[in-house]
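*Asks:* Below are the sequence and a predicted model for it; my questions follow.
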Amino acid sequence: MNRAGSAKRAGGSDARLKRRYAAERRFRLAGLFAVGLSAAFLAFLLFTMAWKGLSGFTHFEAAVPVDFPRSDLILDPAALRGPDAQDVAAAADLESVVTQAASAAYGDEAAEMFGTAALRSLGRQLVADPELLSRRATLWLPVGSAIDVAAKQDSDAASERLVDRLESRDALRRTINTDFLMESDATDPSAVGIWGALKGSFLTIVVTILLAFPVGVLAAVYLEEFASRNRWTDAIEVSINNLAAVPSIIFGLLGLAVFLNFMHLPRSAPLVGGLTLALMTMPVIVIAGRNAIKSVPPSIRDAALGVGASKMQVVFHHVLPLALPGILTGTIIGMARALGETAPLLMIGMRAFIAAPPNGITEPSSVLPVQIFLWSDEVNRGFVEKTSAAIIVLLLFMLVMNGLAIYLRNRFERRW
Amino acid sequence: MSLAIALAAVLAVAAAAGWLGYSRARGLRTAGGRLHSLPVYHGAYAALWAALPALLLLAVWAPVQSNLVDQAVLASPEGRALPTFAMQRDTILAEARGMASGGGEAGFNPESASLVPRFAEAQGRYSMVGGAVAILFALGAAGFALRRRSPQFRARTGVERWLMAVLIAASLIAVLTTLGIVLSLMFESLRFFKLVPPGDFLFGTQWSPQTAMRADQAGSSGAFGSVPLFWGTIFIGAIIAMIVAIPLGLMSAIYLTQYAHPRVRSWMKPILEILAGVPTVVYGYFAALTVAPVVRDLGISLGITSASSESALAAGLVMGIMIIPFISSMSDDSIAAVPQDMRDGSLAMGATKSETIRKVVLPAALPGVVGGVLLAVSRAIGETMIVVMAAGLAANLTANPFASVTTVTTQIVQLLTGDQEFDSAKTLAAFALGLALFLITLVLNLIALTVVRRYREAYE
């Protein structure tokens, strides 16, 4: 009786143990599932962008015979050898030449097959070889957006027919689209490039780093090394911690109200963008800087003080150099975030159509994330792959910056 | 650009003073004196005295000057002839200002050309005054600093006092930024509340600012009830996104800290951090292009005919993915802070690992996790690009995740990127929304930071 009872109890505890182990396995699997799902999201995101965007780095070119002497083009070959050959070529009426040549070669419905990119390419070829003007030549020119889309994927019937005709005559080829990296925004998706936006991003980030880094590091030094704990430093600390978590769009509103409406700085310029982003990144640098300074052991300070250094000398000659790798890591991560930031820049007017790269920090410019946002709003299907291609470039920059931060952290950060 | 010349002059004076101070101190030393401070400090002392006060003066003067110039131009006969309508006048002023400061292109408005000489004249006058005062300041301060030369002079102490002032100034910028945010938002919001009663804004359920497009009907007919916006914000950021992010983030953190092999952990943690580093505009594009159509088709196949291609669900899902690493790293920190003794005690009593985690570790780490979740909510409701690109513009008060809702941040962007008439209720409403958003996130952040700090102190 007694024995049977304990056996029964043992059986019950076996079953219970089994249940508990099953629960253990389920829990563990749920954790693995969560990690796997998160990683799968990332993989899916990157894959989607790569799949949609890689074709944006290539474009199709079509061969078209152009008979320059017979065309209405009035262009002096001597002017094309001069110093402003680019302007001369751009001012000439290349469009009618291209339209005539295309319709002569592939029928009337092909008249519109070339776009801005073809004119640009033709101008360049003429500058490179002005002799072309005196003869009939077969030139490879990038096709317009409609044909480009049709050649890469499904499109409307007319464009598909034209692509078939071009392919049957062996007059279509795929090449690397160098213009995408060298040119700026345009209304024609076949002619757009990201160079202007990249340059704008670069100038903006330079302004940001010049302002945020010194101020952030000095503030971190003060708070960590000199500030006595009182209500005043508490206020500073709370506002820094809070600023690090304030939505970025609020900084945009601040920039709009203070830099544009009060100080009258130029709209949509890298200067204002950089100032706004500097206010946003500064708290991040302060927090990273304080952690890095905190991790320098007190013995370093004591030793320096012991040999007669002043408090300032201790900090600037010994503590700061040792904390620098940590501070740099935090700074790079903050800069990467600023580089990808869009919302505050929209607030200060960086959403205009800007077709020329900026030449200085007070000129209107675009930045890469805003360019992506603007292109994503376009109806033309040709912009889809351009948007994704620009995203690939942006993600590459992010990856490089974050990789650099991780490398710095592993290479230089000392554990005391 | 006379202020730029003044800036260069001030820097030149500082460099000269620095060099003079340095070489004189070296002279003292070669003459056999025993210096208290190194010559380099004597130089730095003079240079700092010459540069800092004058630079500060220029920094304060520049914005003051631009306002003074505007006033002078408006007071001139040409300025008084300008249209009184504020937006038009500001456009003309901005154009003339651009042309006067070297932008050669002709203005769009014919009136601006007549203002250019006025601008140039006023700018020349005021920057002459400001620049001259700054240079005199620099010279005077340099003279004062250079007067003090003796081997006993404590130049290093003086330099360090200046450095200290710079350090304090740097740390005050954070406070000034906070103050700037609060004041600028408050100022514009007060102007908004003069046009629209606060009660209507806070409790109204109708949001249609677009009807207030024409200046003569501004504020009188547009509806500015913000309740649907806040509902949309909470629905997307605090409900849908958190339903995705909390389980995934928390379970990832538990798995990576408690179960995973260290090598797996060292690989997976940076991979999750990449999710946090992806720019939000990329998430927005992903949501609009890839997720939204799938969600709409799902809704239609479920029989919801009103399923929108700008659904709350699509934006919320993607925002949840974006928040995962945030919650995961916050939970990671709090779980790691739970003392090992507590874990060992539970395991020694025969509890399985999962029982230990659920009954001992998680309750102990809960305050930290809750703090992390609050910070994540604060980030989600302030997130802009995902909702701008993937959520709708229609202010619906609905709990249907397949319907389109709009959020506070979407509307701020929408209100401020149309035609910029700066005095209409439509534009000012953006600042009122911004103020509300700032206050909400401020409260969330303060609670979260306090909770996290208390909790950290409890186990240290």
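*Replies:* On my side now, so go ahead. All figures in this text were calculated on a predicted structure; none of them were measured in a lab.

*Asks:* The chain: strands as residue ranges?
*Replies:* This is for chain A. Under the criterion DSSP state E, strands of chain A are mapped to A:58-67, A:136-142, A:172-176.

*Asks:* my question was about chain B
*Replies:* For chain B, the strands defined by DSSP E occupy B:207-208, B:223-224.

*Asks:* quick one, which of the ones you listed is packed in tightest?
*Replies:* Neighbour counts (mean count of other Cβ atoms under 10 Å in any protein chain shown) averaged over each of the strands of chain B peak at strand B:223-224, with a mean of 20. Using the backbone N, CA and C atoms, a C-beta is placed for each residue, glycine as well.

*Asks:* Output the set of residues of the stretch 101-250 of chain B in proximity to chain A.
*Replies:* Counting by Cβ under 8 Å from any Cβ of the partner chain, the stretch 101-250 of chain B comes close to chain A at B:156, B:160, B:163-164, B:166-168, B:170-175, B:177-178, B:180-181, B:184-185, B:187-188, B:247-250.

*Asks:* re the thing from before, right, so of the strands of chain A, which gets closest to chain B?
*Replies:* With distances scored as Cβ to the nearest Cβ, the stretch of these nearest to chain B is strand A:58-67 (20.2 Å).

*Asks:* could you pull out the helices for the stretch 151-300 of chain A?
*Replies:* For the stretch 151-300 of chain A, applying DSSP state H, counting those that start in this stretch gives helices covering A:157-168, A:179-182, A:195-221, A:231-243, A:248-255, A:270-294, A:298-306.

*Asks:* and residue 25, how many residues sit next to it?
*Replies:* Just going to use chain A. A:R25 has 12 neighbours, counted by other Cβ atoms under 10 Å in any protein chain shown.

*Asks:* my bad, chain B
*Replies:* 26.

*Asks:* pretty sure it contacts B:H42?
*Replies:* Yes - counting by Cβ atoms under 8 Å, B:A25 touches B:H42, with 3.6 Å between them.

*Asks:* Provide a list of residues in contact with the closest residue to chain B within the stretch 301-416 of chain A.
*Replies:* Here the residue of the stretch 301-416 of chain A nearest chain B is A:G340; by Cβ to the nearest Cβ that distance is 2.8 Å. Each residue near A:G340 by Cβ atoms under 8 Å, 6 or more residues apart in numbering or on different chains is listed here: A:P369, A:L394, A:M398, B:G277, B:V278, B:P279, B:T280, B:V281, B:V282.

*Asks:* re the thing from before, list the residues that contact both of B:A25 and B:H42?
*Replies:* With Cβ under 8 Å, 6+ apart, B:A25 and B:H42 have common neighbours B:L35, B:R149, B:A155.

*Asks:* so which residue of chain B comes closest to chain A?
*Replies:* Of all residues in chain B, B:G382 sits closest to chain A, at 2.4 Å by Cβ to the nearest Cβ.

*Asks:* Excluding sequence neighbours, find me the nearest residue to that residue.
*Replies:* For B:G382, ignoring the flanking residues on the chain, the nearest one in space by Cβ to Cβ, 6 or more residues apart in numbering or on different chains is A:P247 at 2.4 Å.

*Asks:* To what extent is the one you found buried, counted in neighbours?
*Replies:* Neighbours of A:P247 under the rule other Cβ under 10 Å: 26.

*Asks:* tell me the phi and psi of A:D93?
*Replies:* Note on A:D93: its backbone torsions stand at phi -90, psi 70 [degrees, to the nearest 10].

*Asks:* Spatially nearest residue to it (excluding sequence neighbours)?
*Replies:* In space, not counting the residues next to it along the chain, A:D93 is nearest to A:L73; the distance is 6.7 Å by Cβ to Cβ, 6+ apart.
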